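Peer 1: all I have is the shape, not the residue letters:
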């Protein structure tokens, strides 16, 4: 993988399931010649239930370890974990900055009805996600505030799928 010539960069893509994180992350991965880490893909490949939080945490820890090594080599890394809480995003931002990396945050969102419809159409979850679960997700998710967004660097590319940064 070639360096972009701009130094190491961490791109965090946050949002709820079905909001468009993977779509955006794949576009950024291709356009920026980045390495993308998605726990869902690793869990699928290992035949692990997507809702096994203990195994997800271990996979994310391993992905973060690899991310730090790649950032140390001056590469661009995309973390596509959802990062529902500010503290998780802060930990990633500060960890990458400690390595001298620039850090972008892309928040992808969609209306509750749209998210529920997308999840139902993709049919990956066993058992299927119930409507009230999606409503609870909206209550739990801590969307980045303008003050939080100001802590991150300007994106190299505008979000190509939503027009949001």
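Peer 2: Right, received. Where do you want to start? On a predicted model such as this, the values are computed, not experimentally measured, just so you know. Numbering: from 1, shown residues only.
Peer 1: for the rest of this, base every contact and every neighbour count on C-alpha atoms.
Peer 2: Will do.
Peer 1: now do the lowest-mean-pLDDT helix or strand in the chain: which elements does it pack against?
Peer 2: Here the helix or strand of the chain ranked lowest by mean pLDDT, DSSP states H and E is helix 112-122, holding a mean of 91. If you count contacts as 3 or more CA pairs under 8 Å, 6 or more residues apart in numbering; DSSP states H and E, helix 112-122 packs onto helix 131-140.
Peer 1: the helix or strand just after the helix it packs on: how far from the chain's middle?
Peer 2: Next in sequence after helix 131-140, counting helices and strands by DSSP states H and E, comes helix 146-149. Centroid separation for helix 146-149 versus its chain: 17 Å, with CA atoms, centre = their mean, to the nearest Å.
Peer 1: what pairs with the helix or strand encompassing residue 11, parallel or antiparallel?
Peer 2: According to DSSP H and E, residue 11 maps onto strand 9-14. Partner strands for strand 9-14, per DSSP bridges, with pairing direction: strand 76-82 (parallel), strand 102-107 (parallel).
Peer 1: and after that strand, which helix or strand comes next?
Peer 2: Beyond strand 9-14 toward the C-terminal end (DSSP H and E), the next one is helix 21-32.
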